[in-house]
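Participant: The following block contains a protein sequence and its predicted model.
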Amino acid sequence: MPDLSIQSFLPQAKNYLQRVQPTGVPDWSPDADFEVKPLAQGEYNMNFLIRQGEMAWVLRVNAGSQIGLSEREQIAYEFKTLALLAPAGIAPTPYFLDNSFRFLPYGVLGMAYLPGEYLDYHRDLADAARLFAHYHQLEMSAEQVHLIPEELPLTYIYNRSAPRIQVYLDSDLADPNLATYLREVRAWANEARHRESYYLSDPWNCIINTEVNNQNWIVNREAGTFHLVDWEKPLWGDPSQDLSHFRVPTTTLWKTDYRMSKKDKASMMAAYKDALTDNHLRDTIEERTRLRDPFNCLRGVSWCAMAWMQYQHGDHLLKNPDTFRKLAMYVDLDFARSLFDPYMQS
């Protein structure tokens with residue numbers, strides 16, 4: 001979030017609650033003392049934990065959109081999605097929406113706090129697969145679905161990735177060998193994106209999250225609950241996007257050192273298929289997901305190549321040694337070959 005930090009924004013968050021006195025939060029009393037603590041900050045959002053006695057909930061402050069919406073539209077888009085999912089118990093229950101910008105220059109929503117820990121790839125693959133299957137099969141009417149449709153899915157990723165690769169290629173810091181290989185990858189992807197005709201000729205649309213890295217899941221092992229908590233950029237599209245993004249190395253390695261084995265992929269996909277009621281989706285999901293995998297890898301590598309170059313120049317990126325270590329790993333030629341060679345040589 002440019003020019004903002006969750007710690008520095010803390011007084012404004014508390015002042016907002018004192019002035020607005022939000023309704024819709026269970027057991028919340030605007031006249032009683034409460035505590036505000038930083039919970040998590042993303043690129044476009046700050047999340048604060050609000051406590052009052054035994055009651056806890058989350059205040060989410062939005063300052064941007066990754067899907068081309070205005071800030072006023074973005075927070076409403078998230079709120080509507082959470083409301084759509086609320087009956088299924090998949091995501092946090094939404095409490096209120098404020099996109100008036102009357103007391104803050106940002107969109108705000110309140111939602112339930114779900115205590116727990118991040119997803120563990122070694123333990124939670126089957127549970128994650130079953131949750132995917134659950135919300136991918138939710139029945140929704142046309143009147144309910146406010147979601148942006150996913151159109152030309154492989155072309156969309158290619159069009160986002162190609163300029164990022166060019167930023168790296170244009171840098172005098174680019175590794176010449178990696179630059180040559182990324183040109184080859186980009187040319188391959190440009191040709192391979194025509195394979196999206198598969199999805200156009202055989203559509204199977206549902207709500208998809210699109211951002212399913214392990215830190216967007218909350219697992220409460222004591223309570224036996226499993227939730228997907230970040231619904232910032234959901235779409236109306238093919239379920240393979242979530243499955244592919246979840247399993248590709250560019251996702252699993254970003255915050256962990258885990259790379260899904262063939263056995264783990266097979267186990268995850270089997271759990272997903274076992275939870276499906278639609279025979280056609282069960283029969284086609286492997287192919288749908290396989291076509292996505294190299295493009296989701298392209299999405300991750302292209303962003304990291306651009307970010308690595310910007311990091312070197314000090315262009316507005318946090319100087320975090322763990323982040324730099326991952327960026328350096330993703331712009332390693334051997335790593336890139338391990339991602340794309342199996343597809344480009346097949």
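Facilitator: Happy to help now that I have it. Model, not experiment: these values are computed from the prediction. Numbering: from 1, shown residues only.

Participant: what's the spacing between the spatially most central residue of the chain and residue 250?
Facilitator: Closest to where the C-alpha atoms of the chain average out (Cα atoms, centre = their mean) is residue 211, at 1.7 Å. With distances taken as Cβ to Cβ, to the nearest Å, residue 211 is found 13 Å from residue 250. Where you see a C-beta, it was placed from the backbone N, CA and C, and this is true even at glycine.

Participant: cool, residue 234 as well?
Facilitator: Look at residue 234 and residue 250: by Cβ to Cβ, they are 20 Å apart.

Participant: what about these two, which has more around it?
Facilitator: Shown here are residue 234 and residue 250; by other Cβ atoms under 10 Å, residue 234 has more neighbours (27 against 22).

Participant: Flag every buried residue along the helix or strand of the chain with the lowest mean pLDDT.
Facilitator: Ranked by mean pLDDT, DSSP states H and E, the helix or strand of the chain with the weakest confidence is helix 321-330, at a mean of 86. For helix 321-330, a neighbour-count test (16 or more other Cβ atoms under 10 Å) marks 323-324, 326-327, 330 as buried.

Participant: likewise stretch 338-346?
Facilitator: 339-340, 343-344.

Participant: Can you tell me which of the residues you listed comes closest to residue 77?
Facilitator: residue 339 (31.5 Å; Cβ to Cβ).

Participant: can I assume the closest one sits in a helix?
Facilitator: Yes - membership of residue 339 in a helix is supported by DSSP: H, G, I helix; E, B strand; the rest coil.

Participant: I'd like the buried residues of stretch 338-346 as CSV, with pLDDT and distance to residue 146 appended.
Facilitator: Formatted as CSV, these follow (pLDDT from 0 to 100; distance: Cβ to Cβ, whole Å):
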residue, pLDDT, distance to residue 146
339, 98, 35
340, 98, 36
343, 96, 35
344, 94, 38
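
Participant: now the helices for the stretch 151-300 of the chain?
Facilitator: Listed in chain order, the helices of the stretch 151-300 of the chain (DSSP state H, counting those that start in this stretch) span 153-169, 176-192, 197-201, 240-247, 249-255, 262-274, 279-313.

Participant: now the angle between helix 321-330 and the longest one, please.
Facilitator: Here helix 279-313 points in a direction 110 degrees away from that of helix 321-330 (axes from the mean of the first three to the mean of the last three Cα atoms, to 10 degrees).

Participant: Where do the strands of the stretch 1-150 of the chain begin and end?
Facilitator: With strands called from DSSP state E, counting those that start in this stretch, the stretch 1-150 of the chain shows them at 35-41, 45-52, 55-62, 94-98, 107-112.

Participant: these two touch, right, the residue nearest to the centre of the chain and residue 245?
Facilitator: Yes - with contact defined as Cβ atoms under 8 Å, residue 211 counts as touching residue 245 (7.4 Å).

Participant: Give the buried residues for stretch 73-91.
Facilitator: Buried, per 16+ other Cβ under 10 Å, within stretch 73-91: 74-82, 84-85, 90-91.

Participant: What is the most widely separated pair among the residues you listed?
Facilitator: Spatial extent of the buried residues of stretch 73-91 (Cβ to Cβ) is set by the pair 74 and 90 at 20.4 Å.

Participant: What score does the nearest residue to residue 327 once chain neighbours are set aside have for pLDDT?
Facilitator: Leaving aside its chain neighbours, residue 327 sits nearest to residue 308 (4.3 Å; criterion: Cβ to Cβ, 6 or more residues apart in numbering). Residue 308 carries a pLDDT score of 90 in this model.
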